[in-house]
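In: this one's sequence-less:
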């Protein structure tokens, strides 16, 4: 009997739980009227994806409150298992002083050298996710079986 892998659709709560287990994702936004994808480190803050940027196209997308997508995953190519979560929403700069104080400092350190003085939040409008599970082991199940 051949076991098939199960593709599980995740609810928003499961998606947010998984996002808390990784620190790098991909931001999808529009740059010069074309789609752009860049890896970013991120954190969840109050259920929203937050990234720290120097400026440029990512900050411009936030200032314009453009619709963006964010994707993060964890995949095992040998076992053919893993998950993927996508967040879609409007990007916006975080400008409230109290919130900036709450999220600044060591909370979100950029990986690349250089100053990253701006925080961008994705106002989540849609969260979707999928998880590919390993097939169950074939054979009897019950006490004493592995």
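Out: Noted; the coordinates are in hand. Keep in mind it's a predicted model, so treat the numbers as computed, not measured.

In: could you work out the end-to-end span of stretch 50-64 for me?
Out: By CA to CA, to the nearest Å, the extent of stretch 50-64 from end to end equals 16 Å.

In: looking at that stretch now, give me its mean pLDDT.
Out: On average, the pLDDT along stretch 50-64 is 78.

In: outside of that stretch, which residues touch it?
Out: 27, 29-32, 36, 38, 40-44, 68, 91-94, 103, 108, 110, 114-122 (CB atoms under 8 Å, 6 or more residues apart in numbering). Just so you know, the C-beta spots here come from the backbone N, C-alpha and C atoms, and that holds for glycine as well.

In: helix, strand or coil: sort out the most centrally placed residue in the chain for me.
Out: Centroid check for the chain by CA atoms, centre = their mean gives residue 72 as the closest residue, at 3.8 Å. Classification of residue 72 using DSSP: H, G, I helix; E, B strand; the rest coil returns strand.

In: so what sits opposite it in the bridge?
Out: Per DSSP bridges, the residues bridged to residue 72 are residue 85.

In: list the contacts of it.
Out: When contacts are taken as CB under 8 Å, 6+ apart, residue 72 is in contact with 18-19, 22, 24-26, 42, 84-85.

In: and those residues as TSV, adding pLDDT?
Out: What follows is the contacts of residue 72, written out as TSV (pLDDT from 0 to 100):
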residue	pLDDT
18	98
19	97
22	95
24	93
25	95
26	96
42	91
84	98
85	98
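
In: which among those residues end up buried?
Out: Burial by neighbour count, judged by 16 or more other CB atoms under 10 Å, picks out 18-19, 25, 42, 84-85 from the contacts of residue 72.

In: in these, find the pair that's most separated.
Out: The span of the buried ones among the contacts of residue 72, defined through CB to CB, is set by 42 and 84 at 15.0 Å.

In: just name the shakiest helix or strand of this structure by mean pLDDT.
Out: helix 56-63 (a mean of 74; mean pLDDT, DSSP states H and E).

In: buried sites along stretch 29-38?
Out: Quick answer for stretch 29-38 (16+ other CB under 10 Å): residue 29.

In: 3 is where my numbering starts, stick with that
Out: New numbering, starting at 3: the last item is stretch 31-40.

In: list the neighbouring strands of the top strand by length along the chain plus their orientation.
Out: Longest strand in the chain, counting residues (DSSP state E): strand 120-135. With DSSP bridges as the test, strand 120-135 is paired with strand 8-12 (antiparallel), strand 50-55 (antiparallel), strand 83-95 (antiparallel).
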